[in-house]
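Chemist: here is a sequence with its predicted model. Questions after.
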Amino acid sequence: MIKEKSDNITIIDNDDYSKPNFLISAKYKSSLMANKVLAISLSRLQEAEDSKDGVLISDIKASEIKKLVGGNQGSFYRTLEKTAREMTGRTIGISDPESHMFAYTAVITQAVYAKGIFRIEYNRHLTKYLKEIKRNFTRLKLSVMLTFQNVYAFRLYEILKSEAYPRTYRQKGTNVYIKRFSIAELRFLLGVANAELNVVQSILSDKKNPDYEKAYEKTPEKVMDTWSDLKRYALDPAVREINHISDISVEYTTSRSGYGGKVDHVEFKIILNGEDEELTDKTPDDTEILAEDDAIDQTYELFKGSLKMKDVRSIVKEAGCDFVKIRNAYEVLSSQHDVNNITGFMIKAIQEGYQKVPKKNQGGNQFYLEEQADYGDMDSFEKKILANGSYEQQTLMEGI
(Lines give C-alpha, C1' and ligand atoms only; values in the text may rest on other atoms or scores of the structure.)
Protein backbone atom coordinates (compact mmCIF):
# COMPACT_ATOMS: atom_id res chain seq x y z
CA MET A 1 0.00 0.00 0.00
CA ILE A 2 1.51 3.31 -1.11
CA LYS A 3 1.02 6.37 1.05
CA GLU A 4 -1.24 8.98 -0.51
CA LYS A 5 0.92 11.88 0.70
CA SER A 6 3.19 11.41 -2.33
CA ASP A 7 1.71 12.31 -5.71
CA ASN A 8 4.82 11.52 -7.79
CA ILE A 9 4.51 7.73 -7.92
CA THR A 10 4.20 6.27 -11.41
CA ILE A 11 1.43 3.71 -11.94
CA ILE A 12 3.06 0.54 -13.29
CA ASP A 13 1.53 -2.73 -14.42
CA ASN A 14 2.90 -5.81 -12.62
CA ASP A 15 4.25 -3.50 -9.96
CA ASP A 16 5.37 -6.12 -7.43
CA TYR A 17 8.66 -7.93 -7.88
CA SER A 18 10.97 -10.08 -5.78
CA LYS A 19 14.59 -9.30 -5.01
CA PRO A 20 16.81 -12.01 -3.50
CA ASN A 21 18.06 -11.05 -0.06
CA PHE A 22 21.63 -11.94 -0.98
CA LEU A 23 21.52 -9.00 -3.42
CA ILE A 24 19.91 -6.64 -0.92
CA SER A 25 22.41 -7.45 1.82
CA ALA A 26 25.41 -7.31 -0.52
CA LYS A 27 27.82 -4.47 0.12
CA TYR A 28 28.53 -2.39 -2.95
CA LYS A 29 28.73 1.19 -4.12
CA SER A 30 26.36 2.21 -6.91
CA SER A 31 24.49 5.10 -8.41
CA LEU A 32 20.76 5.70 -8.17
CA MET A 33 20.45 5.14 -11.93
CA ALA A 34 22.13 1.73 -11.74
CA ASN A 35 19.90 0.70 -8.83
CA LYS A 36 16.77 1.72 -10.72
CA VAL A 37 17.75 -0.03 -13.95
CA LEU A 38 18.48 -3.19 -11.96
CA ALA A 39 15.06 -2.88 -10.29
CA ILE A 40 13.36 -2.64 -13.70
CA SER A 41 15.27 -5.66 -14.92
CA LEU A 42 14.49 -7.74 -11.82
CA SER A 43 10.80 -6.93 -12.22
CA ARG A 44 10.89 -8.54 -15.68
CA LEU A 45 12.92 -11.63 -14.89
CA GLN A 46 9.99 -14.03 -14.76
CA GLU A 47 9.43 -13.32 -18.45
CA ALA A 48 13.13 -13.19 -19.30
CA GLU A 49 14.69 -15.90 -21.47
CA ASP A 50 17.61 -18.23 -20.81
CA SER A 51 20.26 -18.61 -23.48
CA LYS A 52 21.53 -22.05 -24.50
CA ASP A 53 24.37 -21.89 -21.99
CA GLY A 54 22.03 -20.97 -19.12
CA VAL A 55 22.63 -17.21 -19.12
CA LEU A 56 19.59 -15.22 -18.04
CA ILE A 57 18.93 -12.38 -20.49
CA SER A 58 16.78 -9.32 -19.76
CA ASP A 59 15.91 -6.98 -22.65
CA ILE A 60 14.47 -3.55 -21.93
CA LYS A 61 13.67 -0.80 -24.41
CA ALA A 62 15.91 2.21 -23.79
CA SER A 63 12.91 4.46 -24.37
CA GLU A 64 11.08 2.66 -21.55
CA ILE A 65 14.02 3.09 -19.19
CA LYS A 66 14.13 6.79 -19.98
CA LYS A 67 10.39 7.11 -19.39
CA LEU A 68 10.55 5.30 -16.06
CA VAL A 69 13.69 6.87 -14.60
CA GLY A 70 13.76 10.19 -16.46
CA GLY A 71 16.66 11.73 -18.33
CA ASN A 72 17.57 14.45 -20.78
CA GLN A 73 17.43 13.64 -24.49
CA GLY A 74 21.01 14.67 -25.21
CA SER A 75 22.69 13.01 -22.26
CA PHE A 76 20.64 9.83 -21.82
CA TYR A 77 22.75 7.66 -24.13
CA ARG A 78 25.91 8.64 -22.26
CA THR A 79 24.18 8.06 -18.91
CA LEU A 80 23.09 4.61 -20.03
CA GLU A 81 26.63 3.80 -21.15
CA LYS A 82 27.99 4.85 -17.76
CA THR A 83 25.33 2.75 -16.04
CA ALA A 84 26.24 -0.31 -18.12
CA ARG A 85 29.90 0.08 -17.17
CA GLU A 86 28.98 0.40 -13.49
CA MET A 87 26.60 -2.57 -13.46
CA THR A 88 29.06 -4.95 -15.13
CA GLY A 89 31.79 -3.90 -12.70
CA ARG A 90 29.79 -4.83 -9.60
CA THR A 91 30.69 -7.93 -7.62
CA ILE A 92 29.17 -9.56 -4.55
CA GLY A 93 30.89 -11.65 -1.93
CA ILE A 94 29.65 -15.16 -1.15
CA SER A 95 31.21 -17.24 1.60
CA ASP A 96 30.89 -20.61 3.29
CA PRO A 97 32.56 -20.31 6.73
CA GLU A 98 32.41 -24.05 7.40
CA SER A 99 34.49 -25.04 4.37
CA HIS A 100 36.63 -21.90 4.57
CA MET A 101 35.75 -21.02 1.01
CA PHE A 102 34.65 -17.75 -0.49
CA ALA A 103 34.06 -16.28 -3.93
CA TYR A 104 33.50 -12.86 -5.35
CA THR A 105 31.40 -12.99 -8.47
CA ALA A 106 29.93 -10.49 -10.88
CA VAL A 107 26.15 -10.25 -10.83
CA ILE A 108 25.91 -8.92 -14.40
CA THR A 109 28.49 -10.16 -16.90
CA GLN A 110 27.46 -8.02 -19.86
CA ALA A 111 25.32 -4.99 -20.63
CA VAL A 112 24.77 -4.18 -24.30
CA TYR A 113 22.89 -1.38 -26.03
CA ALA A 114 21.90 -1.84 -29.67
CA LYS A 115 18.94 -0.85 -31.86
CA GLY A 116 17.15 0.80 -28.95
CA ILE A 117 17.37 -2.25 -26.66
CA PHE A 118 19.36 -2.38 -23.43
CA ARG A 119 20.30 -6.02 -22.81
CA ILE A 120 21.45 -7.28 -19.43
CA GLU A 121 23.10 -10.70 -19.18
CA TYR A 122 23.32 -12.15 -15.66
CA ASN A 123 26.04 -14.43 -14.38
CA ARG A 124 24.97 -17.96 -15.34
CA HIS A 125 25.83 -19.20 -11.83
CA LEU A 126 23.07 -16.97 -10.45
CA THR A 127 20.31 -17.88 -12.91
CA LYS A 128 18.36 -20.25 -10.67
CA TYR A 129 18.62 -17.87 -7.72
CA LEU A 130 17.23 -14.97 -9.73
CA LYS A 131 14.49 -16.55 -11.80
CA GLU A 132 13.03 -19.18 -9.49
CA ILE A 133 12.96 -17.31 -6.20
CA LYS A 134 11.22 -19.44 -3.57
CA ARG A 135 12.74 -18.26 -0.29
CA ASN A 136 14.99 -15.60 1.19
CA PHE A 137 13.60 -12.75 -0.87
CA THR A 138 11.84 -9.44 -0.32
CA ARG A 139 8.75 -8.20 -2.16
CA LEU A 140 9.17 -4.67 -3.47
CA LYS A 141 7.09 -2.28 -5.56
CA LEU A 142 8.79 -0.99 -8.68
CA SER A 143 6.72 2.21 -8.57
CA VAL A 144 8.11 3.01 -5.12
CA MET A 145 11.70 2.14 -6.02
CA LEU A 146 11.61 4.35 -9.11
CA THR A 147 10.25 7.27 -7.10
CA PHE A 148 13.30 7.56 -4.86
CA GLN A 149 15.49 10.55 -5.69
CA ASN A 150 18.22 9.73 -3.18
CA VAL A 151 20.46 6.68 -3.66
CA TYR A 152 20.83 6.22 0.12
CA ALA A 153 17.03 6.24 0.52
CA PHE A 154 16.78 3.56 -2.18
CA ARG A 155 19.34 1.33 -0.47
CA LEU A 156 18.15 1.94 3.10
CA TYR A 157 14.54 1.21 2.14
CA GLU A 158 15.23 -2.17 0.58
CA ILE A 159 17.60 -3.10 3.43
CA LEU A 160 15.04 -2.23 6.13
CA LYS A 161 12.18 -3.75 4.13
CA SER A 162 14.09 -7.04 3.96
CA GLU A 163 14.56 -6.92 7.74
CA ALA A 164 10.91 -6.13 8.47
CA TYR A 165 9.61 -9.70 8.31
CA PRO A 166 11.89 -12.05 10.28
CA ARG A 167 9.93 -12.49 13.50
CA THR A 168 13.10 -12.35 15.55
CA TYR A 169 13.18 -8.57 14.96
CA ARG A 170 9.48 -8.01 15.59
CA GLN A 171 8.07 -6.54 18.78
CA LYS A 172 5.49 -9.17 19.75
CA GLY A 173 1.89 -8.30 18.96
CA THR A 174 2.80 -5.29 16.85
CA ASN A 175 3.78 -4.39 13.31
CA VAL A 176 7.00 -2.83 14.63
CA TYR A 177 10.43 -4.28 13.91
CA ILE A 178 13.75 -3.33 15.46
CA LYS A 179 17.04 -3.80 13.63
CA ARG A 180 20.49 -2.67 14.79
CA PHE A 181 23.59 -2.01 12.66
CA SER A 182 27.07 -0.85 13.49
CA ILE A 183 27.96 2.46 11.87
CA ALA A 184 30.75 0.79 9.90
CA GLU A 185 28.48 -1.94 8.49
CA LEU A 186 25.83 0.65 7.62
CA ARG A 187 28.41 2.60 5.63
CA PHE A 188 29.13 -0.47 3.49
CA LEU A 189 25.46 -1.41 3.13
CA LEU A 190 24.50 2.06 1.92
CA GLY A 191 27.49 2.28 -0.39
CA VAL A 192 28.96 5.27 1.43
CA ALA A 193 32.06 3.09 1.82
CA ASN A 194 33.17 0.87 -1.05
CA ALA A 195 33.25 -2.82 -0.13
CA GLU A 196 34.59 -3.80 -3.55
CA LEU A 197 38.08 -2.46 -2.87
CA ASN A 198 40.69 -5.20 -2.55
CA VAL A 199 41.86 -4.01 0.85
CA VAL A 200 38.28 -4.20 2.15
CA GLN A 201 37.53 -7.59 0.59
CA SER A 202 40.65 -9.09 2.13
CA ILE A 203 39.33 -8.20 5.60
CA LEU A 204 35.66 -9.06 5.10
CA SER A 205 36.11 -12.30 3.11
CA ASP A 206 35.63 -15.66 4.79
CA LYS A 207 34.44 -14.26 8.11
CA LYS A 208 31.30 -15.26 10.01
CA ASN A 209 31.46 -11.98 11.94
CA PRO A 210 33.24 -9.52 9.63
CA ASP A 211 35.22 -6.72 11.24
CA TYR A 212 33.56 -3.77 9.51
CA GLU A 213 35.35 -1.28 11.74
CA LYS A 214 38.75 -2.56 10.67
CA ALA A 215 37.67 -2.71 7.03
CA TYR A 216 36.52 0.91 7.13
CA GLU A 217 39.70 2.03 8.85
CA LYS A 218 41.76 0.47 6.05
CA THR A 219 39.77 1.83 3.12
CA PRO A 220 41.50 4.72 1.31
CA GLU A 221 38.11 6.21 0.42
CA LYS A 222 36.74 8.34 3.22
CA VAL A 223 33.39 9.96 2.41
CA MET A 224 31.21 11.43 5.17
CA ASP A 225 33.86 10.25 7.58
CA THR A 226 32.25 11.73 10.69
CA TRP A 227 28.96 10.66 12.23
CA SER A 228 27.55 14.18 11.85
CA ASP A 229 28.27 14.16 8.09
CA LEU A 230 26.85 10.64 7.64
CA LYS A 231 23.71 11.70 9.52
CA ARG A 232 23.32 15.00 7.70
CA TYR A 233 24.05 13.96 4.12
CA ALA A 234 22.97 10.32 3.99
CA LEU A 235 20.87 8.98 6.84
CA ASP A 236 18.47 11.85 7.60
CA PRO A 237 17.61 12.59 3.94
CA ALA A 238 17.10 8.86 3.36
CA VAL A 239 14.75 8.47 6.34
CA ARG A 240 12.74 11.56 5.32
CA GLU A 241 12.23 10.27 1.79
CA ILE A 242 11.34 6.75 2.95
CA ASN A 243 8.74 8.14 5.34
CA HIS A 244 7.31 10.35 2.61
CA ILE A 245 6.80 7.89 -0.23
CA SER A 246 6.96 4.31 0.99
CA ASP A 247 4.87 1.74 2.85
CA ILE A 248 7.06 1.78 5.97
CA SER A 249 7.81 4.42 8.56
CA VAL A 250 11.29 4.63 10.01
CA GLU A 251 12.78 6.12 13.16
CA TYR A 252 16.26 5.58 14.55
CA THR A 253 18.28 6.03 17.71
CA THR A 254 22.02 5.80 18.30
CA SER A 255 24.28 4.35 20.95
CA ARG A 256 27.78 5.42 21.97
CA SER A 257 30.77 3.72 23.47
CA GLY A 258 34.48 4.12 24.03
CA TYR A 259 36.52 7.18 24.80
CA GLY A 260 34.58 10.36 24.09
CA GLY A 261 31.29 8.55 23.57
CA LYS A 262 31.67 7.93 19.83
CA VAL A 263 28.46 6.90 18.03
CA ASP A 264 29.02 3.27 17.03
CA HIS A 265 25.56 1.79 16.38
CA VAL A 266 22.23 2.80 14.88
CA GLU A 267 19.00 1.07 15.89
CA PHE A 268 16.12 1.39 13.43
CA LYS A 269 12.47 1.16 14.37
CA ILE A 270 10.56 -0.03 11.31
CA ILE A 271 6.77 0.30 11.26
CA LEU A 272 4.82 -1.56 8.58
CA ASN A 273 1.82 0.31 7.23
CA GLY A 274 -1.31 -0.60 5.28
CA GLU A 275 -1.51 -4.08 3.78
CA ASP A 276 1.70 -5.21 5.43
CA GLU A 277 0.21 -4.59 8.86
CA GLU A 278 -2.82 -6.71 8.00
CA LEU A 279 -0.64 -9.56 6.75
CA THR A 280 1.56 -9.36 9.82
CA ASP A 281 -1.39 -9.52 12.18
CA LYS A 282 -2.52 -12.76 10.54
CA THR A 283 0.77 -14.49 11.25
CA PRO A 284 0.17 -17.12 13.94
CA ASP A 285 2.07 -16.60 17.20
CA ASP A 286 3.07 -20.29 17.48
CA THR A 287 5.49 -20.08 14.57
CA GLU A 288 8.58 -18.02 13.94
CA ILE A 289 9.68 -18.60 10.36
CA LEU A 290 13.08 -17.03 9.82
CA ALA A 291 15.18 -16.48 6.77
CA GLU A 292 17.40 -19.53 6.32
CA ASP A 293 20.62 -17.74 7.25
CA ASP A 294 19.00 -16.16 10.33
CA ALA A 295 17.69 -19.55 11.48
CA ILE A 296 21.13 -21.10 11.09
CA ASP A 297 22.82 -18.26 12.97
CA GLN A 298 20.33 -18.27 15.84
CA THR A 299 20.42 -22.06 16.20
CA TYR A 300 24.21 -21.99 16.24
CA GLU A 301 24.09 -19.34 18.97
CA LEU A 302 21.43 -21.32 20.87
CA PHE A 303 23.91 -24.16 21.23
CA LYS A 304 26.71 -21.67 21.97
CA GLY A 305 28.80 -23.07 19.15
CA SER A 306 28.86 -26.61 20.56
CA LEU A 307 27.34 -28.17 17.42
CA LYS A 308 29.03 -28.52 14.07
CA MET A 309 27.56 -26.32 11.37
CA LYS A 310 26.39 -29.32 9.33
CA ASP A 311 24.35 -30.50 12.34
CA VAL A 312 22.89 -27.02 12.83
CA ARG A 313 21.82 -27.01 9.18
CA SER A 314 20.18 -30.42 9.52
CA ILE A 315 18.16 -29.19 12.50
CA VAL A 316 17.13 -25.99 10.72
CA LYS A 317 16.09 -27.93 7.63
CA GLU A 318 13.96 -30.33 9.67
CA ALA A 319 12.23 -27.40 11.39
CA GLY A 320 11.56 -25.61 8.12
CA CYS A 321 13.38 -22.57 9.54
CA ASP A 322 10.72 -22.33 12.29
CA PHE A 323 12.67 -21.17 15.33
CA VAL A 324 9.77 -21.91 17.69
CA LYS A 325 10.11 -25.62 16.84
CA ILE A 326 13.86 -25.45 17.32
CA ARG A 327 13.55 -23.65 20.64
CA ASN A 328 10.92 -26.09 21.91
CA ALA A 329 13.10 -29.06 21.01
CA TYR A 330 16.08 -27.40 22.67
CA GLU A 331 14.12 -26.83 25.88
CA VAL A 332 13.15 -30.50 25.93
CA LEU A 333 16.77 -31.46 25.33
CA SER A 334 17.90 -29.21 28.18
CA SER A 335 15.65 -31.07 30.61
CA GLN A 336 17.16 -34.46 29.73
CA HIS A 337 20.25 -36.23 31.00
CA ASP A 338 22.81 -38.35 29.15
CA VAL A 339 21.69 -37.58 25.59
CA ASN A 340 24.45 -39.06 23.46
CA ASN A 341 23.28 -37.86 20.06
CA ILE A 342 22.10 -34.28 20.35
CA THR A 343 21.39 -33.82 16.65
CA GLY A 344 19.35 -37.01 16.42
CA PHE A 345 17.39 -36.03 19.51
CA MET A 346 16.67 -32.55 18.13
CA ILE A 347 15.52 -33.91 14.78
CA LYS A 348 13.11 -36.40 16.32
CA ALA A 349 11.86 -33.83 18.84
CA ILE A 350 11.06 -31.46 15.98
CA GLN A 351 9.39 -34.17 13.90
CA GLU A 352 7.20 -35.41 16.72
CA GLY A 353 6.58 -32.04 18.35
CA TYR A 354 7.98 -32.76 21.81
CA GLN A 355 6.99 -30.09 24.35
CA LYS A 356 8.04 -29.34 27.87
CA VAL A 357 5.08 -29.90 30.16
CA PRO A 358 4.75 -28.35 33.66
CA LYS A 359 5.17 -31.02 36.32
CA LYS A 360 2.02 -31.37 38.38
CA ASN A 361 1.86 -30.82 42.12
CA GLN A 362 5.19 -29.05 42.29
CA GLY A 363 5.97 -25.37 42.52
CA GLY A 364 8.60 -23.39 40.70
CA ASN A 365 9.53 -23.92 37.07
CA GLN A 366 10.21 -27.66 37.07
CA PHE A 367 9.25 -29.63 34.00
CA TYR A 368 8.94 -33.24 32.98
CA LEU A 369 8.44 -35.09 29.71
CA GLU A 370 5.32 -37.09 29.03
CA GLU A 371 6.01 -40.68 30.03
CA GLN A 372 4.85 -42.12 26.73
CA ALA A 373 7.50 -40.23 24.78
CA ASP A 374 9.86 -42.79 23.24
CA TYR A 375 13.03 -41.36 21.79
CA GLY A 376 14.32 -44.56 20.24
CA ASP A 377 17.76 -45.00 18.70
CA MET A 378 18.92 -41.48 17.94
CA ASP A 379 22.01 -42.54 16.00
CA SER A 380 20.12 -44.70 13.51
CA PHE A 381 17.29 -42.16 13.39
CA GLU A 382 19.68 -39.35 12.48
CA LYS A 383 21.36 -41.42 9.78
CA LYS A 384 18.00 -42.25 8.27
CA ILE A 385 16.94 -38.61 8.21
CA LEU A 386 20.22 -37.45 6.74
CA ALA A 387 20.09 -40.16 4.08
CA ASN A 388 16.61 -39.13 2.98
CA GLY A 389 16.74 -35.47 2.16
CA SER A 390 18.86 -33.84 4.82
CA TYR A 391 19.68 -30.20 4.61
CA GLU A 392 22.32 -29.45 2.02
CA GLN A 393 23.41 -25.84 2.03
CA GLN A 394 22.51 -24.19 -1.24
CA THR A 395 25.49 -21.93 -1.71
CA LEU A 396 26.02 -19.69 -4.68
CA MET A 397 29.44 -21.25 -5.03
CA GLU A 398 27.98 -24.27 -6.83
CA GLY A 399 29.58 -24.51 -10.22
CA ILE A 400 31.86 -21.51 -9.75
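Modeler: Structure's in. What do you need? Here the structure is a predicted model, which means the values were calculated and not measured.
Chemist: any idea where the strands of the stretch 51-200 of the chain begin and end?
Modeler: For the stretch 51-200 of the chain, the strands defined by DSSP state E, counting those that start in this stretch cover 56-61, 91-96, 101-106, 108-114, 117-122, 137-141, 176-182.
Chemist: quick check: buried residues in the fifth one?
Modeler: With burial defined by 16 or more other C-beta atoms under 10 Å, the residues of strand 117-122 counted as buried are Phe118, Ile120, Glu121, Tyr122. All C-beta spots, glycine's among them, are computed from the backbone N, C-alpha and C.
Chemist: nearest to Met87 among the residues you listed?
Modeler: Met87 has its nearest neighbour among the buried residues of strand 117-122 in Ile120, at 7.2 Å by C-beta to C-beta.
Chemist: excluding chain neighbours, give the residue nearest to the closest one in space.
Modeler: Distances taken as C-beta to C-beta, 6 or more residues apart in numbering put Ser58 closest to Ile120, at 4.5 Å, once the chain neighbours are dropped.
Chemist: from Leu80, how far out is that neighbour?
Modeler: 14 Å (C-beta to C-beta, to the nearest Å).
Chemist: switch the strands of the stretch 51-200 of the chain over to a markdown table; also include mean pLDDT.
Modeler: Shown next, in a markdown table, are those (pLDDT from 0 to 100):
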| stretch | mean pLDDT |
| --- | --- |
| strand 56-61 | 91 |
| strand 91-96 | 62 |
| strand 101-106 | 67 |
| strand 108-114 | 92 |
| strand 117-122 | 93 |
| strand 137-141 | 89 |
| strand 176-182 | 90 |
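Chemist: who has more neighbours, Ser58 and Leu80?
Modeler: Ser58 (23 against 20; other C-beta atoms under 10 Å).
Chemist: contacting residues around that one?
Modeler: Ser41, Arg44, Leu45, Ala48, Arg119, Ile120, Glu121, Tyr122 (C-beta atoms under 8 Å, 6 or more residues apart in numbering).
Chemist: in the stretch 301-400 of the chain, which spans are strands?
Modeler: Under DSSP E, counting those that start in this stretch, the stretch 301-400 of the chain gives strands at 357-358, 367-368.
Chemist: in terms of mean pLDDT, which of those ranks lowest?
Modeler: Mean pLDDT values for these show the minimum at strand 367-368, a mean of 33.
Chemist: could you find the residue nearest the spatial middle of the chain?
Modeler: Nearest to the mean C-alpha position of the chain, by C-alpha atoms, centre = their mean, lies Asn21 at 3.6 Å.
Chemist: now do the contacts for that residue.
Modeler: Asn136, Phe137, Thr138, Ser162, Ala291.
Chemist: also Thr254?
Modeler: Taking C-beta under 8 Å, 6+ apart as the test, what Thr254 contacts is Trp227, Val263, His265, Val266, Glu267.
Chemist: and which of these is nearest Ser143?
Modeler: Looking across the contacts of Thr254 and measuring by C-beta to C-beta, the closest to Ser143 is Val266, at 27.8 Å.
Chemist: what about the helix or strand containing that closest one, average pLDDT?
Modeler: Per DSSP states H and E, Val266 falls inside strand 262-272. For strand 262-272, the mean per-residue pLDDT is 91.
Chemist: direction included, what does that strand pair up with?
Modeler: strand 176-182 (antiparallel), strand 248-257 (antiparallel) (DSSP bridges).
Chemist: in TSV, list the strands of the stretch 51-200 of the chain along with distance to Ile245.
Modeler: Below are the strands of the stretch 51-200 of the chain laid out as TSV (distance: least, C-beta to C-beta, whole Å):
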stretch	distance to Ile245
strand 56-61	23
strand 91-96	27
strand 101-106	31
strand 108-114	27
strand 117-122	26
strand 137-141	10
strand 176-182	19
